[in-house]
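Engineer: Got a sequence here, can you model it:
(chains A and B)
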Amino acid sequence: MSKKLTSRAEDYSKWYNELVVKADLAENSAVRGCMVIKPYGYAIWEKMQAELDKMFKETGHQNAYFPLFVPKSLFEAEEKNAEGFAKECAVVTHYRLQNDPDNPGKLRVDPEAKLEEELVVRPTSEAIIWSTFKGWIQSYRDLPLLINQWANVVRWEMRTRLFLRTAEFLWQEGHTAHATKGEALKEAELMNNVYATFAENFMAIPVVKGVKTESERFAGADETYCIEALMQDGKALQAGTSHFLGQNFAKAFDVKFTSKEGTKDYVWATSWGVSTRLMGALIMTHSDDEGLVLPPSLAPNQVVIVPIYKTDEQFEEVSKIANLIKSDLNAKGVSVKYDNRDTHRPGAKFAQHELQGVPLRIAIGPKDLENGTVEIARRDTKTKEVIALDNLTSTVENLLEEIQNSLYKKALDYRDSHITEVENFDDFKNILKNKGGFISAHWDGTIETEDKIKEITKATIRCIPVDTKEEEGKCVFTGNPSKRRVLFAKAY
RNA sequence: CGGGGUGUAGCGUAGCCCGGUUAUCGCGCCACGUUUGGGACGUGGAGGCCGCAGGUUCGAAUCCUGCCACCCCGACCA
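Structural biologist: This is a model prediction of the structure:
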């Protein structure tokens, strides 16, 4: 494997794939389309999980766990949902292997061990969860029911890419039941806002909040809220979705409740999820040709200390200071790795920590011992300065905060400068081809127009942003009247 | 599922067209020594069912047949 990463300009997609592998985040496995998430990558995912989990609990949700398998009869109960996912389902048909009489030492599926009913490996859990909710909900007193689960799901995708689209992925899925439509709608919007806050404050990724058009909506939903992010190559990435499911699942699984007034009615539902795909968003938003760039809030190690020494005595002295710095910073809640491996030289360590996106690097060597200083380097700006040991702790704290903010600002500037308003289809095609990013344009609201535009340009309507104001205009494709602009883009 | 391609050491590869010494080179790995403020160097070493099965031949990584796997481009998708 070569030392240098392919540059983004040279081949963006190759850059991404190499970065994921070289930064030790994940690798392809022996199973087609399924990845192995390596410890460093998983550590980042755990940080996301921890923060999201906290936010879910703060908004009143509880975690639970439901089965991996969904009996086919349950899966098909909500027709639209079933139809939407049918062509990418893995299905378990047998429960036993046996020695193959024709091939000694090999196994075969025991033809006698066919399941009465096939089991679908969940591509999403609405079916199994709603069949369970039926037993949990009888009265308005049981509502709202606010459940989240952390799980793996399987979607048999044709073409896969590490983190962005894998046949199996990790995610959380929230599933809630409410007494009224208004309350369910509010929940779906609330969770979309939670995702947006998480993306922006924690991952430093600016997102557009919006709703999907009918054709992009989740199978089985009446409304899909989403957050859309923009990657450095000008393509959009759906980073999270929150669905208002109406009474579709309640009806499919016959989940009714008795109201205060004694009437019976179907409950109203939402579901919402984000996945390991966020790892892809994280990588493609901040990283550069030197490797990963992590916002401090997500970095497994926010600071790495690299010792520089010639003799054992120097190493000992440097280590003494390094350990003091480490414990001072730890006391302030800053995570620090002291990279005291004597098997690698400083240059190799610098390169590795850069590749892995550690926000701050502190180097301590003989010169620093003499002068009472350290060298501190920022990963995001690649700037270095020598500072006095005295106020190192507060300097580090300030820098980490500054990096977090500056990464967000940089991404926001890029995103904002890549939302282009266009008024006619020639400009639309031109911008898409030469600039990329989001195109803000009027649309006549029909699926036909949406499809045509997709067919011609490969751009889809990413969302109808929630914060746009009404504005009279003409559809960029048909010229028919339109009341608001929507965002188009090529998407992952 | 359509079109194209590739399988040689942990990774990346040469050799294949035109069959013939001990299968090439780089990275990585191991040992020892010298090194250590931006990816060190030297010396020595380990590591191969040349994707699998069959065929042709005195002889196959190389030719033929079948199979398998993977990659790229489409259609599908978070």
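
Engineer: Could you report the neighbour count for A:Leu107?
Structural biologist: Around A:Leu107 sit 11 other residues, with neighbours defined as other C-beta atoms under 10 Å. No exception for glycine: its C-beta is placed from N, CA and C like everyone else's.

Engineer: Mind listing the residues bridging to it?
Structural biologist: Assessed by DSSP bridges, A:Leu107 has beta-bridge partners A:Asn99.

Engineer: A:Glu290 touches A:Gln356, doesn't it?
Structural biologist: No. Taking C-beta atoms under 8 Å as the contact criterion, A:Glu290 and A:Gln356 are not neighbours in contact, 10.5 Å apart.

Engineer: Domain parsing of chain A, as residue ranges.
Structural biologist: When chain A is parsed into structural domains using automatic domain parsing, the resulting residue ranges are A:25-286, A:298-414, A:419-489.

Engineer: What are the boundaries of the helices in the stretch 351-492 of chain A?
Structural biologist: Assigned helices in the stretch 351-492 of chain A, in chain order: A:366-371, A:392-416, A:425-434, A:447-457 (criterion: DSSP state H, counting those that start in this stretch).

Engineer: And the ones you listed: which comes nearest RNA strand B?
Structural biologist: helix A:366-371 (3.0 Å; C-beta to the nearest atom of the strand).

Engineer: after the lowest-mean-pLDDT helix or strand in chain A comes which helix or strand?
Structural biologist: Counting by mean pLDDT, DSSP states H and E, the weakest-scoring helix or strand in chain A turns out to be strand A:107-109, with a mean of 79. Taking DSSP states H and E as the definition, the helix or strand that follows strand A:107-109 towards the C-terminus is strand A:114-121.

Engineer: Contacts for that next one next, please.
Structural biologist: A:68-73, A:75, A:89-95, A:154 (C-beta atoms under 8 Å, 6 or more residues apart in numbering).

Engineer: Buried residues, that strand. List them.
Structural biologist: By neighbour count on 16 or more other C-beta atoms under 10 Å, the buried set for strand A:114-121 is A:Glu118, A:Leu119, A:Val120, A:Val121.

Engineer: Of those residues, just say which sits nearest to A:Lys3.
Structural biologist: Here the nearest of these to A:Lys3, counting by C-beta to C-beta, is A:Val121; it sits at 40.1 Å.

Engineer: what is the closest one paired to in the beta sheet?
Structural biologist: The bridge-partner assignment for A:Val121, based on DSSP bridges, gives A:Phe69.

Engineer: SS state for the residue nearest the centre of chain A?
Structural biologist: The C-alpha lying nearest the average C-alpha coordinate of chain A belongs to A:Leu278 (C-alpha atoms, centre = their mean; 1.6 Å). When states are read from DSSP: H, G, I helix; E, B strand; the rest coil, the local structure at A:Leu278 comes out as helix.

Engineer: And A:Glu290 and A:Gln356? Which one has more around it.
Structural biologist: Counting neighbours by other C-beta under 10 Å for A:Glu290 and for A:Gln356 shows that A:Gln356 has the greater number, 22 against 16.

Engineer: returning to what we had before: would CSV of the buried residues of strand A:114-121 with pLDDT and distance to RNA strand B be doable?
Structural biologist: Compiled in CSV, those are given as follows (pLDDT from 0 to 100; distance: C-beta to the nearest atom of the strand, whole Å):
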residue, pLDDT, distance to RNA strand B
A:Glu118, 93, 19
A:Leu119, 94, 19
A:Val120, 93, 15
A:Val121, 92, 12
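
Engineer: For A:Asp53, state which of the residues you listed is nearest.
Structural biologist: Using C-beta to C-beta, the shortest approach to A:Asp53 within the buried residues of strand A:114-121 belongs to A:Val121, at 24.3 Å.

Engineer: how near is that closest one to A:Val92?
Structural biologist: Distance of A:Val121 to A:Val92, given as C-beta to C-beta, to the nearest Å: 7 Å.

Engineer: Find residues that contact each of these two.
Structural biologist: Counting by C-beta under 8 Å, 6+ apart, the shared contacts of A:Val121 and A:Val92 are A:Phe69.

Engineer: follow-up on the earlier one: spit out the contact partners of the residue nearest to the centre of chain A.
Structural biologist: Going by C-beta under 8 Å, 6+ apart, A:Leu278 touches A:Met48, A:Ala199, A:Met203, A:Ala239, A:Gly240.

Engineer: quick one: it from RNA strand B, how far?
Structural biologist: From A:Leu278 across to RNA strand B, the span is 9 Å (C-beta to the nearest atom of the strand, to the nearest Å).

Engineer: what mean pLDDT would you report for stretch A:37-46?
Structural biologist: When the per-residue pLDDT values of stretch A:37-46 are averaged, the result is 94.

Engineer: what sits up against that stretch?
Structural biologist: In contact with stretch A:37-46 (C-beta under 8 Å, 6+ apart) are residues A:20, A:23-27, A:170, A:276, A:279, A:282, A:294, A:298-300, A:356.

Engineer: switch the cut-off to 10 Å
Structural biologist: Counting by C-beta atoms under 10 Å, 6 or more residues apart in numbering, stretch A:37-46 makes contact with A:20-21, A:23-27, A:29, A:35-36, A:49, A:162-163, A:166, A:169-170, A:275-276, A:278-279, A:282-283, A:292, A:294, A:298-301, A:356-357, all of which sit outside it.

Engineer: Give me the buried subset of these.
Structural biologist: A:20, A:23, A:25-26, A:35, A:162-163, A:166, A:169-170, A:275-276, A:278-279, A:282-283, A:292, A:294, A:298-301, A:356-357.

Engineer: Need phi/psi at A:Lys326.
Structural biologist: Reported as degrees, to the nearest 10, the phi and psi values for A:Lys326 are phi -60, psi -50.

Engineer: So which residues on the stretch 51-200 of chain A come close to RNA strand B?
Structural biologist: Applying C-beta under 7 Å from any atom of the strand, one finds that the stretch 51-200 of chain A approaches RNA strand B through A:Lys87, A:Glu88, A:Arg155, A:Glu157, A:Met158, A:Arg159, A:Thr160, A:Leu164, A:Arg165, A:Thr166, A:Ala167, A:Phe169.

Engineer: one more time with 10 Å, if that's ok
Structural biologist: Taking C-beta under 10 Å from any atom of the strand as the criterion, the stretch 51-200 of chain A approaches RNA strand B at residues A:84-85, A:87-88, A:123-124, A:153-161, A:163-171.

Engineer: Filter these down to the ones in strands?
Structural biologist: Among those, the members falling in strands (DSSP state E) are A:Val153, A:Val154, A:Glu168, A:Phe169, A:Leu170, A:Trp171.

Engineer: what's the closest of the residues you listed to A:Lys310?
Structural biologist: Checking those against A:Lys310 with C-beta to C-beta, the nearest one is A:Leu170 at 45.7 Å.

Engineer: Can you tell me the closest non-neighbouring residue to the closest one?
Structural biologist: Closest residue to A:Leu170 in three dimensions, ignoring its sequence neighbours and counting by C-beta to C-beta, 6 or more residues apart in numbering: A:Thr276, at 4.8 Å.

Engineer: if I read this right, that neighbour contacts A:Asn152, doesn't it?
Structural biologist: Yes. Look at A:Thr276 against A:Asn152 with C-beta atoms under 10 Å: they come within range, at 9.4 Å.

Engineer: tell me, what's touching these two both at once?
Structural biologist: A shared contact of A:Thr276 and A:Asn152, defined by C-beta under 10 Å, 6+ apart, is any residue touching both; here these are A:Glu168, A:Phe169, A:Leu170, A:Trp171.
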